[in-house]
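*Asks:* attaching a predicted model along with its sequence, questions to come.
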Amino acid sequence: MTNSSGRAEKLSSSAGSIVFDADVLVLGGGPAGTWAAISAAEHGARVVLADKGFCGTSGATAAAGTGVWYVDPVPERREAAMASREKLGGYLQDRRWMARVLDQTYAQSNQLAEWGYPYPADEDGKPQRNSLQGPEYMRLMRKRTKQAGVTILDHSPALELLVDGNGVVAGAAGLRRQKGDRWAVNAKAVVIATGGCAFLSKTLGSNVLTGDGYLLAAEAGAEFTSMEFSNAYAISPAFGSVTKTLFYSWASFTDEQGSVIPGASSKGGRSVIARALRKGPVYAQLDQAQAETQRHMRASQPNFFLPFDRTGIDPFTERFPITLRLEGTVRGTGGLRIVDDSCATTVPGLYAAGDAATRELICGGFTGSGSHNAAWAMSSGYWAGQGAAEFARQLGTTIGRQAFRRGTVGLRSGSGQPMHGGALARSVQDEVFPYELNYFREAGRLGDSLRRLDGLWSEASNAAASDEQELLRAREAAAMLATARWMYRSALARQESRGMHRRDDYPEPDDRYLHLVTTGGLDDVWTSARPLVSAQYSEAAE
Amino acid sequence: MIELIVAERCTDCGACIEVCPANVLDPGRDGLPILARVEDCQTCFMCELYCRADAIYVAPDCDRRVSVSKDEVLASGRLGQYRKHSGWDEWAEHFPNEQWLMEAVFRRAAEAAAQPKARKPGVTGQK
């Protein structure tokens, strides 16, 4: 357990930087990052956690409410919980991982109750632990992280990893936005918990999630997997940020003239909505929700109604324009490839958790709801923190170890061309937002898009941010660009439709692709096929 | 996006500057926070939730600036609405956490999806 002398040590200030010495550095302060930090501290490590925004409000969970894949340890219920997801996910899951995530999530949810999370009870007095209010949950997680002795750096985005002469991760460096200076942490292990990439689409709470952790991990040589499962789109009012696609289960969808759009549905009919949106505006009205359901919706998700109440629209009795916002890998299942039970990546000393890591192990090629991602964040965070602490312990002393900066794009002047993060980000959005490119995929269109994206990368990789203010935007845009290229290269490699990945030119699943797609690289993006560990289970389930 | 901080209500506690995940606000010279980078606002409403003075108004539009009338917002009762309905601080007893109702909502959604859609429009919304 932690003690007060176990805090990470502030070393010195030099060249406008504050320098810390720690055993474990956690990048990202959402659910996965806070669980990782607490877990590492509980396993004896001195821990620093750096969040791009504010640990407690930052990320997709804090701003929303989320279900949690919390299932009582009754064998039949566990079996049903696992089986129910396999078809959706395209039979790419791993039963062993599903079982251990269910166990771990159950334990950690009960831990949250002991820590004072106000889980409600139902009418019969039974505690309800299968959902969490994001703001309340993350406020508690910040408190517990501090109590565990973790040093939290808020508004401190990481820019690059540090590695030693043997390629072992040795820390990271970044900006302190509100202090106007820089930080560096010398650490024996690093956990990437920076979330996925939603491409600045304004889907609720996700604009801090630009794939920053992917980029800096890739610069150290990390690999990715399932990046083709990255095209989740959520329904929101056309003007608003609040995405809660579930509530549209009670919607009717109409076109400009008010005619019902045949087949349009929040579940199983979202592609119809996407096609209709290419032709013109689409409207929704939640006219199939009865009074009691309406009351439950309002009581359980107060933020859903903010955009409506504030525009004077009653969503139950009036129709309103909707759009589909790209959630990218935040609700996709792609991410950093993890290679063992401690959530280690392919880079020594580097661990991954939460949406930054792949969720293919429990979700295969489809998530669809937040509950699995929330369960994964808790579980993988706990394991990654433990794994990182153990790695740090085994490494022993690192006095005298040299650390090298691994950041590339945007950070080093090459040709001297200035890099404009805002403009680059918009160019990437032009390739990943359009439904005809990303929702409905096809070899020719993907190939054309990749050529444009590769061209953008060639330019960006020789450019540098014009000034300190631009640095963060430049790195965010570069991370989005790298993510888009891994996504589309992987999407080209999977010549079938499976999970959320749908190909117009290959509309059916094809058993020859019952494998996982690994990808990586920055200047040259590559892909390769990896066999399923759980192939025998998958076949049995089919 | 965040469009208004009501000066008379603001206690200059600095919470909004600290908690904004997108670093939209800066401390101002006269005490009031400044909306320094509204274009970075992601419309997540977290600043409202953490503002115990109910001084902040986030307009629902997340893609463009809109003009907001302070008098209208003050009269609308929307200031502090999210904090209240979330049961934070002094509202904990009055608006308890009812997130668990999502379970019932999920179940009904699944039932609705399983049944062929009987279109029966015009269910009146009761708030």
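*Replies:* Sure, I can see it.

*Asks:* on the three-state scheme, the residue lying closest to residue A:393 once chain neighbours are set aside is what?
*Replies:* Leaving out its chain neighbours, the residue that sits closest to residue A:393 by Cβ to Cβ, 6 or more residues apart in numbering or on different chains is residue A:44, at 6.8 Å. C-betas here are computed from N, CA, C, even on glycine. For residue A:44, the assignment made with DSSP: H, G, I helix; E, B strand; the rest coil gives coil.

*Asks:* neighbours of residue A:44, how many?
*Replies:* Residue neighbour count, defined by other Cβ atoms under 10 Å in any protein chain shown, stands at 17 for residue A:44.

*Asks:* what's the answer for residue A:65, then?
*Replies:* 23.

*Asks:* tell me the phi and psi of it?
*Replies:* phi -110, psi 150 (degrees, to the nearest 10).

*Asks:* how much space between it and chain B?
*Replies:* Separation of residue A:65 from chain B (Cβ to the nearest Cβ, to the nearest Å) stands at 6 Å.

*Asks:* quick check: that residue touching residue A:138?
*Replies:* No: Residue A:65 is beyond contact range of residue A:138, at 11.4 Å (criterion: Cβ atoms under 8 Å).

*Asks:* pull up the per-residue confidence for residue 65.
*Replies:* Assuming you mean chain A. According to the prediction, residue A:65 has pLDDT 83.

*Asks:* you looked at the wrong chain, it should be chain B
*Replies:* 93.

*Asks:* so which strand or helix has it?
*Replies:* Under DSSP states H and E, no helix or strand contains residue B:65.

*Asks:* equivalent analysis for residue A:381, please.
*Replies:* Element membership for residue A:381 (DSSP H and E) is helix A:370-395.

*Asks:* could I get the pLDDT score of the residue nearest to residue A:393?
*Replies:* At residue A:44, pLDDT is 98.

*Asks:* tell me where the model's unsure across the stretch 151-300 of chain A.
*Replies:* Counting by pLDDT under 70, not a single residue of the stretch 151-300 of chain A qualifies.

*Asks:* please enumerate the strands of it.
*Replies:* A:151-153, A:158-163, A:169-176, A:181-192, A:224-225, A:232-237, A:252-254, A:282-285 (DSSP state E, counting those that start in this stretch).

*Asks:* of all these, which lies closest to chain B?
*Replies:* strand A:252-254 (6.6 Å; Cβ to the nearest Cβ).

*Asks:* by contact count, what packs against that closest one?
*Replies:* Judged by 3 or more Cβ pairs under 8 Å, 6 or more residues apart in numbering or on different chains; DSSP states H and E, the packing partners of strand A:252-254 are strand A:282-285.

*Asks:* 10 Å - rerun?
*Replies:* helix A:270-279, strand A:282-285 (3 or more Cβ pairs under 10 Å, 6 or more residues apart in numbering or on different chains; DSSP states H and E).

*Asks:* give me the contacts around that strand.
*Replies:* With contact meaning Cβ atoms under 10 Å, 6 or more residues apart in numbering or on different chains, strand A:252-254 is reached by A:235, A:260-266, A:269, A:272-273, A:276, A:281-288, A:319, A:322, B:117, B:119-121.

*Asks:* report the buried members of those residues.
*Replies:* A:235, A:261, A:264-266, A:269, A:272-273, A:276, A:282-288, A:319, A:322 (16 or more other Cβ atoms under 10 Å in any protein chain shown).

*Asks:* what helix or strand does the closest residue to residue A:72 other than its chain neighbours sit in?
*Replies:* Nearest in space to residue A:72, with sequence neighbours left out and distances taken as Cβ to Cβ, 6+ apart, is residue A:106 at 7.7 Å. Per DSSP H and E: residue A:106 is located in helix A:95-114.

*Asks:* and that helix with helix A:370-395, angle?
*Replies:* 90 degrees (axes from the mean of the first three to the mean of the last three Cα atoms, to 10 degrees).

*Asks:* helices or strands up against the following helix or strand past helix A:95-114?
*Replies:* Using DSSP H and E, the next helix or strand after helix A:95-114 towards the C-terminus is strand A:131-133. Packing contacts for strand A:131-133, counted by 3+ Cβ pairs under 10 Å, 6+ apart, involve strand A:65-67, helix A:134-147, helix A:370-395, helix B:101-114.

*Asks:* hey, least reliable of these by pLDDT?
*Replies:* helix B:101-114 (a mean of 70).

*Asks:* so where's the stretch 1-150 of chain A uncertain?
*Replies:* A:1-16.

*Asks:* give me every residue in it lying close to chain B.
*Replies:* A:29-30, A:51-60, A:62-67, A:117-122, A:126-139 (Cβ under 10 Å from any Cβ of the partner chain).

*Asks:* doesn't residue A:346 belong to a strand?
*Replies:* No: looking at residue A:346 with three-state DSSP, it is coil, so not inside a strand.

*Asks:* so who does the closest residue to it other than its chain neighbours touch?
*Replies:* Among residues not flanking residue A:346 along the chain, residue A:223 sits closest, at 4.9 Å (Cβ to Cβ, 6+ apart). By Cβ under 10 Å, 6+ apart, the contact list for residue A:223 reads A:217, A:336-339, A:345-347, A:358, A:486, A:518-521, A:526, A:528, A:530.

*Asks:* of these, buried ones?
*Replies:* A:217, A:336-338, A:345-347, A:358, A:486, A:518-521.

*Asks:* and those, which two are the farthest apart?
*Replies:* Pairwise distances across the buried ones among the contacts of residue A:223 (Cβ to Cβ) peak at 18.4 Å, for the pair A:338 and A:521.

*Asks:* what's the domain layout of chain A?
*Replies:* Following the assignment in automatic domain parsing, chain A carries domains at A:16-230+A:332-405, A:232-328, A:437-541.

*Asks:* spatially central residue in chain B, please.
*Replies:* Nearest to the mean C-alpha position of chain B, by Cα atoms, centre = their mean, lies residue B:45 at 4.1 Å.

*Asks:* that one against residue B:83, yeah?
*Replies:* Yes: counting by Cβ atoms under 10 Å, residue B:45 does reach residue B:83; the two are 9.4 Å apart.

*Asks:* what touches both of those two?
*Replies:* With Cβ under 10 Å, 6+ apart as the test, residue B:45 and residue B:83 both reach A:135, A:302, B:56.

*Asks:* show me which of the buried ones among the contacts of strand A:252-254 neighbour chain B.
*Replies:* Contacts with chain B within these, counted by Cβ under 10 Å from any Cβ: A:265, A:266, A:269, A:285, A:286, A:287, A:288.

*Asks:* and the helices and strands packed on strand A:131-133, which is most packed in?
*Replies:* helix A:370-395 (a mean of 26; mean count of other Cβ atoms under 10 Å in any protein chain shown).

*Asks:* could you point out which element follows that helix?
*Replies:* strand A:404-405.

*Asks:* partners of that following strand in the sheet?
*Replies:* strand A:158-163 (antiparallel) (DSSP bridges).

*Asks:* low-confidence stretches in the stretch 351-500 of chain A?
*Replies:* In the stretch 351-500 of chain A, residues with pLDDT under 70: A:368, A:413-415.
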